[in-house]
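Visitor: Sharing a model prediction with you, sequence too.
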Amino acid sequence: MRVRYAPSPTGEPHLGNIRTALFNWLFARRNDGVFIVRIEDTDQERLVHGAMEAILDALRWLGLDWDEGPTGAGTECKGGYGSYFQSQRLPLYHSHVEQLIRSGHAYRCYCSPARLEAVRLAQQQQKLPPGYDGHCRDLPAEERRRREEGGEPCVVRFRIPLDGATTVHDLVRSEVTWENRLLGDMVILKSDGFPTYHLASVVDDHHMHVSHVLRAEEWLPSTPRHLLLYQAFGWEPPRFAHLPMILGADRAKLSKRHGATSVLAYRDDGYLPDAMLNFMALLGWSLDDKTTVISRPELMQHFSLERITKAPAIFDKEKLAWMNGHYIRALSDEALGPKLLPFLERPAESGGLPADVRRPLDRGYVLRVVPLVKDRLKLLSEAPALTAFLFQERLAYEPALLVQKGMTAESAVDALRQARLRLSPLASDGRWTAPYLEEALRPLAAELKLTTGQLFGALRVAVTGQTAAPPLFQTMEVLGRDRCLARLEQAVAALLG
Ligand code: GLU
């Protein structure tokens, strides 16, 4: 089995696009097949600088390795059927176009853009289906020769039969039939000498021995044209499977507004590749009717075309965030720490820790911070905001926050001073740990005639600068004795301020 992912480097590798890559990759890996990446760069006007690199980066980030295709260094390729850049295969397309002209399946068309535009407008006014009107289809031989010899600019069109119908046997959508007369003689070679998508993809799929074409549903209407091309060449077509559309939660076609941005933007927001992979696999495919968390190896083992749905897939960003949190919690602290580092060390303006925190961070300390926030993280990029107080030297907060409900500033000062007294004998020699800290502080509440909620609330604000934070004693353990004692002192000073 040989499948290909055939992106056009004309924009960002957005989610829908990469979903196509993923399904092809899973199908290849499931069946011990070959996964090909082919760059469809024949539309010279729409090429976007850097787009191919971004697409390959997205594949690499997700771990979708390819067996044949670009190596990432210029137009260099690996695999036995290259080049895998269509722009490098022009002679092949030209010889096939010639072949079709000779066999009468294609013809040169000299219609000017202005004429085509006039035809289009007339069709629109008469409410006729759009399409080429066949003006150059049967030019007299004499005129044809004259224009050809004169080197007049032209395109080459494929001659679609005027009668009959073409049926696509799709592995997802079963049979879909088109009347040939509605297909229109499409251009296969443009006046700039580049083939169109239709010709290039058919020629390449044939010569690259592609056995299955898995692509987005929007290409379904192109498929009857492709089948007629295969017929004209006398080739066996591959099997086709068109993947369902992806819609937003409001059932509108997925757009930027729904989060259909570049997959690399998800990487930069702190989604894990495994979570992304799991989530995207479920956009139009399912293992059964209930399982949502499916690991990479399980996907590789169970992916099948039979379970691709016809119905559109719904993109649910909350589900993705939930899934990401799930995959984060499944990581060991040792695995999560290094993944958080780049997010923490980013410049403050890009969402990293505040500028006053010195970089590089102490790796060992970051590892100790991990368990404090692991359960609360949905995105890696949330870590800096959740952990800033653990890295900052000085905290900035409203002193009034220290005074818990039912307390006065005086009782808060007293409580913080007493707590400090209880804590200072706990040296950093092994007793500055959560259980000892709790043992030292819990009885204090009653002695001060406070509830533990009041005492711990005041302490929480003093040591973290916030009212909601990870478990207090674990946090104090990680912060360490000196820093905690200093913060208690600062809190008292702020209240007396
Ligand atoms: N180049 C087309 C795209 O960008 C490929 C369509 C196909 O897979 O045939 O989606």
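Guide: Great, that's in hand.
Visitor: Quick check: residues of this protein near the ligand?
Guide: Proximity of the chain to the ligand is confined to A6, P7, S8, E40, S201, R215, W219 under the rule Cβ under 6 Å from any ligand atom. Yep, even glycine has a C-beta here, placed from its N, CA and C like the rest.
Visitor: which ones among those residues are found in helices?
Guide: Among the residues of the chain next to the ligand, the ones falling in helices (DSSP state H) are S201.
Visitor: Just list the residues touching the residue of the chain most remote from its centre, thanks.
Guide: For the chain, the C-alpha farthest from the mean C-alpha position belongs to E447; by Cα atoms, centre = their mean, that distance is 56.3 Å. By Cβ atoms under 8 Å, 6 or more residues apart in numbering, the contact list for E447 reads Q418.
Visitor: re earlier: filter the residues of the chain next to the ligand down to the ones in strands?
Guide: R215 (DSSP state E).
Visitor: Could you export the residues of the chain next to the ligand as a markdown table, including pLDDT?
Guide: Below are the residues of the chain next to the ligand laid out as a markdown table (pLDDT from 0 to 100):
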| residue | pLDDT |
| --- | --- |
| A6 | 98 |
| P7 | 97 |
| S8 | 96 |
| E40 | 97 |
| S201 | 98 |
| R215 | 98 |
| W219 | 97 |
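Visitor: What is the most widely separated pair among the residues of the chain next to the ligand?
Guide: Within the residues of the chain next to the ligand, P7 and W219 form the most distant pair, 12.7 Å apart (Cβ to Cβ).
Visitor: Would you mark the buried spots in the helix or strand encompassing F389?
Guide: According to DSSP states H and E, F389 maps onto helix 383-391. Neighbour-count burial for helix 383-391 flags A383, P384, L386, T387, A388, F389, L390, F391 (criterion: 16 or more other Cβ atoms under 10 Å).
Visitor: got the end-to-end distance for stretch 160-173?
Guide: 24 Å (Cα to Cα, to the nearest Å).
Visitor: got the buried residues for that stretch?
Guide: Under 16+ other Cβ under 10 Å, the buried positions of stretch 160-173 are I160, T166, V168, D170, V172, R173.
Visitor: residue contacts, the residue in the stretch 51-200 of the chain positioned nearest to the ligand?
Guide: Ranking the residues of the stretch 51-200 of the chain by distance to the ligand (Cβ to the nearest ligand atom) places Y197 first, at 6.0 Å. Taking Cβ under 8 Å, 6+ apart, we find Y197 in contact with S8, E40, T42, D43, S222.
Visitor: let's see it at 7 Å
Guide: E40, T42 (Cβ atoms under 7 Å, 6 or more residues apart in numbering).
Visitor: I'd like to know how many residues surround D429.
Guide: 7 (other Cβ atoms under 10 Å).
Visitor: can you check E306 too?
Guide: Using other Cβ under 10 Å, E306 is surrounded by 7 other residues.
Visitor: All further residue positions should be reported with the first residue as 53.
Guide: All set: I'll call the first residue 53, so the last point we hit is now E358.
Visitor: how close does it get to E350?
Guide: Taking Cβ to Cβ, to the nearest Å as the measure, E358 falls 16 Å from E350.
Visitor: Give me the more crowded residue out of P59 and W271.
Guide: P59 (23 against 16).
Visitor: which residue packs closest to the more buried one, ignoring adjacent ones?
Guide: Leaving aside its chain neighbours, P59 sits nearest to I107 (5.0 Å; criterion: Cβ to Cβ, 6 or more residues apart in numbering).
Visitor: isn't that neighbour right up against Y57?
Guide: No. I107 lies out of contact with Y57 (Cβ atoms under 7 Å); the separation is 8.9 Å.
Visitor: Regarding the residue lying closest to S155 once chain neighbours are set aside, what is its secondary structure?
Guide: Leaving out its chain neighbours, the residue that sits closest to S155 by Cβ to Cβ, 6+ apart is A284, at 6.9 Å. At A284 the chain is in helix, as set by DSSP: H, G, I helix; E, B strand; the rest coil.
Visitor: Contact partners for the closest residue to Y323 other than its chain neighbours?
Guide: Among residues not flanking Y323 along the chain, N376 sits closest, at 5.1 Å (Cβ to Cβ, 6+ apart). Shown in contact with N376 (Cβ under 7 Å, 6+ apart): Y323, L324, A327, K430, L431.
Visitor: Work out the gap between the helix or strand hosting N376 and the centre of the chain.
Guide: For N376, the host element (DSSP H and E) is helix 369-381. Chain-centre distance of helix 369-381: 14 Å, with Cα atoms, centre = their mean, to the nearest Å.
Visitor: Other residues contacting the helix or strand following that helix?
Guide: Helices and strands here follow DSSP H and E; after helix 369-381, the next one along the chain is helix 385-397. Helix 385-397 has contacts (Cβ under 7 Å, 6+ apart) with 322, 380, 404-405, 411-413, 418-419, 422-423, 426, 432-433, 435-436.
Visitor: Any chance of the backbone angles for T527?
Guide: Per-residue torsions, T527: phi -60, psi -40 (degrees, to the nearest 10).
Visitor: burial of it, as a residue count?
Guide: T527 has 22 nearby residues by other Cβ under 10 Å.
Visitor: packing partners for whichever strand or helix holds S147?
Guide: S147 belongs to helix 142-154 when assigned by DSSP H and E. Counting contacts by 3 or more Cβ pairs under 7 Å, 6 or more residues apart in numbering; DSSP states H and E, helix 142-154 packs against strand 158-161, strand 207-210, helix 249-259.
Visitor: Give me the below-cutoff pLDDT ranges for the stretch 203-352 of the chain.
Guide: Residue ranges of the stretch 203-352 of the chain with pLDDT under 70: 311-312.
Visitor: can you rerun that using 90?
Guide: Within the stretch 203-352 of the chain, the stretches with pLDDT under 90 are 300-313, 341.
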